[in-house]
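**Q** Need a 3D model of the sequence below.
(chains A and B)
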Amino acid sequence: MDVLTEKRLLRFLTCGSVDDGKSTLIGRLLFDSKLILEDQLATLARDSRKHGTTGEDIDLALLVDGLEAEREQGITIDVAYRFFNTPRRSFIVADTPGHEQYTRNMATGASNSDAAVILIDARKGVLTQTRRHSYICSLLGIRHVAVAVNKIDLADYSAQTFHHIVGDYFGFAKSLGFASITAIPLSARYGDNVTTKSEKLKWFDGPTLLEYLEGLDAESGLAQQPFRFPVQWVNRPNLDFRGFSGTVASGSIRSGESIVVAASGRESRITRIVTADGDLPEARAGEAVTLVLEDEVDIARGDVLAPPESRPEVVDQFAAHLLWMAEDAMLPGRSYLMRIGTRFVPARITTLKHKVDVNTLEHIAAKTLALNEIGLCNVATASPVALDPYAENRETGAFILIDRFTNATAGAGMIAFGLRRATNVHRQSLTVDKVARVHRNGHKPVILWFTGLSASGKSTIANLVEQELHGGGAHTYLLDGDNVRHGLNRDLGFTDVDRVENVRRVGEVARLFTDAGMIVLCSFISPFRAERSMVRELVPAGEFIEVFVDTPIEECIRRDPKGLYARAKAGLIKNFTGIDSPYEVPEHPDLRLDTTQINLQECAARVMSLLQEREILGWGGAGRGDTQTWI
Amino acid sequence: MKSAHLKRLEAESIGIMREVAAEFANPVMLYSIGKDSGVMLQLALKAFFPSKPPFPLLHVDTGWKFRDMIRHRDMIAARYGFKLLVYTNAEGVARGINPIRSGSQVHTQVMKTEALKQALDQYGFDAAFGGARRDEEKSRAKERIFSVRSAGHTWEPRNQRPELWHLYNTRLTKGETIRVFPLSNWTELDIWQYTRAEAIPVVPLYFAAPRPVVTRDGLLIMRDDERMPLLPGEQEEVRNVRFRSLGDYPLSAAIESSAGTLDAIIEEMITTRTSERSGRLIDSDEAASMERKKREGYF
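**A** Residues are numbered from 1 along each chain as shown, chains lettered A, B, ... in the order given. Okay, here's the model as predicted:
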């Protein structure tokens, strides 16, 4: 048996800025643990002459800066993973950039790490960025931190300098809740105290960095948490076998023990724990298994199995720290796709309580989160989800938010606590329901959503359509800027955030009207795809019809009935759609009306034909005459 | 007996594979016959047990693989009952592209990168597993486990999605596909130790044996058939060699070795002083060549 058989893995990240010597430190660890091989060394010597910053010496940083752009610019812009092992342990190092504009990259590295090495330049001491790195580590749940006071050679290997820096660090880090902090003076460039004790640092009696990493007990604590099993894949090879495959997120389960499905509360018992290597008596945190249950319980991907006596919270509202990772700012009210465990569910931020200045840790009032900003938010999901606070469980307390149009990973969240309110509010069960109202109206309810630039002709067309519908006996209501902005949405302006909220409220009102069985005509610029799609999702499929009134901006400016474009161009109106605020053209509208090709009457007629085609009108054969007789 | 470390890697890879099965309509596993593919296949068999892996294998055949590799491929597919798709870029063959006259760069571009794109398009695969590891090469160290390819299969290293926890973002926009690397966190040593622990069959070329080789540009090349002419002054000689990495035979250099068993290979690796890809001729074509190839769609 070779020496590596019973070693454990340690995943850690290194944080520091460009000049702290982070890449050099990792290069040194790889070099000293003899993982740099002859051909790599030859490449390194060649690259050092071309891009190096160390004169004639080999530049160890070039070993790790992988992408071409980084080698050219001498910076580390992305998370890179490095692997090395010693006779005692295997390591995966997440090498992360330290600049403020790369906060998301650092958080990415931290999310899967057990420990962090935070570099401080001995000549500079604790800086703003040191605080930032430490805060992000703490936020992402890192419990063990090594403070590497680097470039101690340039500070004359001074004990006094080291102790001064360490004193400063402990001063501010005590509020961050780390389980352990170990400070080590070292020189990555010359190798002092990295893997071997330095003669020049005899005054320091602590471990070298490698000794520290080899000896660190960084168990995640997930084994001690209650059992959680997010179902990943239903394993059904034939009618005789039905199992639930997934990875145990925390705790453990034994064959014969009871479980509940968190969301439904259904109970069952584990009869088998199946793996390809044979059945197991017990499955523990981190193991990928397939569970077989005693009963035919309805379980799907996304469900969480838990012990009946210690269940996760099941809520549709919770508070969370959110790190924003997309170029497009986070807008409260906008619908995002949330992934938590194996579950995908639509979610939106209902309140941004404050954002955190990552440098000073101050709380600042804010309406949006820009790229790399962190805030505390309330989040609402479309249906209840099972979760735990992140501080207790990194697997069931973390989520990501996905932009619904670009599919980019837009945010990373750490749940603070569930909002109990959500579990106590039950919907009223109503006896006169939508079907009953539809039957009486003789037509189906629908939202006709007119979107387009200011002066495109939306409201005129909507008015014509409403007259037509009304004349035919349909129950209608028209919502537009005039009747909404003066009352319901009087408190909203025209910033992106307010536009999102404006459309959200209109959508909710429109939904109530459709519930009342009516045809609701909404005429709003509604410039963002995300919000139009959010309204679409509020109602059952087919009850939202998007009508794109497609009038080119030049034509709108020419018409300009209220003189708004002229004032916007003169800078008198801010955030005017088409001038200094974007309009996102619908990709697949149900109907596109080009008002430069056909007149407004014809436009209205086309809307009416679409309503016939979709069988919104004349539904069920219940004409007006019938309705009359029912009354 | 598997170490705690290997068990952790195994569980992580199984989780990744199940994720793909649950989220994608038409996945495929790229099977390149080498040791990494062998481990990936074994993990797939485990991940879905007692079901069979819900995807076929795809081998992009350049026509220049070692004969031993093709034998091994067919044996494995038959033994485990996998559906095996073999794809060759017929247009490249018709144009007479080959590694000797066209040069390794053109050959790789046409017969591997282009061929792979054609195959993915032809079958409409939305997700493809690859056996690449982050420890292999610097640009691979920065690739995501779930790595999005834009329409045309290109990779944009500066525009990758952040990948946090195990919360993989599996959502694609129209035209995009995804490459998934379940072995991202494995090292070469892990691969061999797992191969030994699980008794996974590997191509015999990994084990040292007397083989006829020529020395070309300081590298030991095995003439697997007559298509590779000897250059003036070259002479074949029988030496005790093995391969650390297998590809097209004219582009894969052997190393002198006496390691004839898995134990000996692992022992050799712990003491070795050259990297695995040093024998791959395509990597050293130009600086940062792997990153460029990957951007264009190479695995």
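
**Q** roughly how far apart are residue A:132 and chain B?
**A** Distance of residue A:132 to chain B, computed by Cβ to the nearest Cβ, to the nearest Å: 17 Å. C-beta: built from backbone N, CA, C; applies to glycine.

**Q** Quick check on that residue: phi, psi?
**A** Dihedral pair for residue A:132: phi -60, psi -50, per degrees, to the nearest 10.

**Q** Name all residues that make contact with it.
**A** Contacts for residue A:132 (Cβ atoms under 8 Å, 6 or more residues apart in numbering or on different chains) come out as A:100, A:103, A:358-359.

**Q** switch to 10 Å and redo it
**A** A:15, A:17, A:98-100, A:103, A:106, A:357-361 (Cβ atoms under 10 Å, 6 or more residues apart in numbering or on different chains).

**Q** go on, residue A:272?
**A** Neighbours of residue A:272 in contact, by Cβ under 10 Å, 6+ apart: A:241, A:243, A:255-256, A:279-280, A:289-294.

**Q** did I read that right, it in a strand?
**A** Yes: under DSSP: H, G, I helix; E, B strand; the rest coil, residue A:272 sits within a strand.

**Q** center of chain B - which residue?
**A** Nearest to the geometric centre of chain B sits residue B:32, at 4.7 Å (Cα atoms, centre = their mean).

**Q** Point out where chain A drops to low pLDDT.
**A** A:1-7, A:17-18, A:34-77, A:420-432, A:618-631 (pLDDT under 70).

**Q** domain ranges for it?
**A** A:8-215, A:222-306, A:313-423, A:434-621 (automatic domain parsing).

**Q** Was I right to think residue A:181 contacts residue A:170?
**A** Yes: in this structure, residue A:181 is within contact of residue A:170 by Cβ atoms under 10 Å, at 6.8 Å.

**Q** between these two, which one's more packed in?
**A** residue A:181 (17 against 13; other Cβ atoms under 10 Å in any protein chain shown).

**Q** Identify the bridge partners of the more buried one.
**A** residue A:145 (DSSP bridges).

**Q** what's the spacing between it and residue B:100?
**A** 60 Å (Cβ to Cβ, to the nearest Å).

**Q** Could you do residue A:316 as well?
**A** 65 Å.

**Q** Surely residue B:81 touches residue B:41?
**A** No: counting by Cβ under 10 Å, residue B:81 stays clear of residue B:41, with 11.8 Å between them.

**Q** which residues in the stretch 401-550 of chain A form helices?
**A** Here the stretch 401-550 of chain A has its helices, by DSSP state H, counting those that start in this stretch, at A:421-424, A:434-441, A:458-471, A:481-485, A:496-515, A:529-538.

**Q** out of the ones you listed, which comes closest to chain B?
**A** helix A:529-538 (12.6 Å; Cβ to the nearest Cβ).

**Q** Do that closest one and chain B come into contact?
**A** No: Helix A:529-538 is not in contact with chain B by Cβ under 10 Å from any Cβ of the partner chain; minimum separation 12.6 Å.

**Q** for that helix, which positions count as buried?
**A** A:529-536, A:538 (16 or more other Cβ atoms under 10 Å in any protein chain shown).

**Q** ok, now stretch A:115-127?
**A** Per 16+ other Cβ under 10 Å, stretch A:115-127 contains these buried residues: A:115-122, A:126.

**Q** related to what we said a few turns ago, could you dump the helices of the stretch 401-550 of chain A to CSV with distance to residue A:593?
**A** Formatted as CSV, the helices of the stretch 401-550 of chain A follow (distance: least, Cβ to Cβ, whole Å):
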stretch, distance to residue A:593
helix A:421-424, 41
helix A:434-441, 26
helix A:458-471, 7
helix A:481-485, 19
helix A:496-515, 20
helix A:529-538, 16
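
**Q** looking at these, which is closest to residue B:87?
**A** Closest approach to residue B:87 among the helices of the stretch 401-550 of chain A is made by helix A:529-538 (37.9 Å; Cβ to Cβ).

**Q** what angle sits between the closest one and helix A:496-515?
**A** Relative orientation of helix A:529-538 and helix A:496-515, computed by axes from the mean of the first three to the mean of the last three Cα atoms, to 10 degrees: 20 degrees.

**Q** Check which helices and strands helix A:529-538 is in contact with.
**A** strand A:335-340, strand A:343-356, strand A:446-451, helix A:496-515, strand A:544-549 (3 or more Cβ pairs under 10 Å, 6 or more residues apart in numbering or on different chains; DSSP states H and E).

**Q** Nearest to residue A:146 among the ones you listed would be which one?
**A** Per Cβ to Cβ, nearest to residue A:146 of those: strand A:343-356, 24.3 Å.

**Q** What strands line up against that closest one, and which way round?
**A** Here, using DSSP bridges, strand A:343-356 pairs with strand A:335-340 (antiparallel), strand A:363-364 (antiparallel), strand A:374-387 (antiparallel).

**Q** Quick check: buried residues in the longest one?
**A** If I follow you right, that is strand A:374-387. Buried, per 16+ other Cβ under 10 Å, within strand A:374-387: A:374-381, A:384-387.

**Q** go on, stretch B:220-227?
**A** Neighbour-count burial for stretch B:220-227 [16+ other Cβ under 10 Å]: B:220-224.

**Q** can you check stretch A:404-423 too?
**A** Buried, per 16+ other Cβ under 10 Å, within stretch A:404-423: A:404, A:407-419, A:422.

**Q** Just the ones in strands from those, please.
**A** Judged by DSSP state E, the buried residues of stretch A:404-423 include A:409-418 as members of strands.

**Q** From those residues, list the ones also adjacent to chain B.
**A** A:409-414.

**Q** hmm, the helix or strand hosting residue B:45 in reach of chain A?
**A** According to DSSP states H and E, residue B:45 maps onto helix B:35-47. Yes: contact of helix B:35-47 with chain A (Cβ under 10 Å from any Cβ) involves B:42-43, B:45-47.

**Q** Next, count neighbours for residue B:140.
**A** Residue B:140 is flanked by 21 other residues according to other Cβ under 10 Å.

**Q** Pretty sure it sits against residue B:134.
**A** Yes: between residue B:140 and residue B:134 there is a contact under Cβ under 10 Å: 5.4 Å.

**Q** Spell out which residues are contacts of both of those two.
**A** With Cβ under 10 Å, 6+ apart as the test, residue B:140 and residue B:134 both reach A:66, A:80-81, B:181, B:184.

**Q** so how far is stretch A:339-355 off the chain centroid?
**A** Its chain's average C-alpha position is 7 Å from that of stretch A:339-355, according to Cα atoms, centre = their mean, to the nearest Å.

**Q** Next: stretch A:279-295.
**A** Distance, centroid of stretch A:279-295 to centroid of chain: 29 Å (Cα atoms, centre = their mean).

**Q** what about that stretch, how long is it end to end?
**A** Stretch A:279-295 has an end-to-end distance of 19 Å (criterion: Cα to Cα, to the nearest Å).

**Q** could you point out which element follows the longest helix belonging to chain B?
**A** Scanning chain B for the helix with the most residues, using DSSP state H, yields helix B:4-23. Downstream of helix B:4-23, the next assigned helix or strand under DSSP H and E is strand B:27-30.

**Q** Need the contact partners of that next one.
**A** Residues contacting strand B:27-30 (Cβ under 10 Å, 6+ apart): B:17, B:20-21, B:37, B:40-41, B:44, B:53-60, B:82-83, B:85, B:116, B:119-120, B:123-132, B:178-180, B:182, B:299.

**Q** Please parse chain B into its domains.
**A** Taken from automatic domain parsing, chain B resolves into B:4-193+B:288-296, B:201-279.
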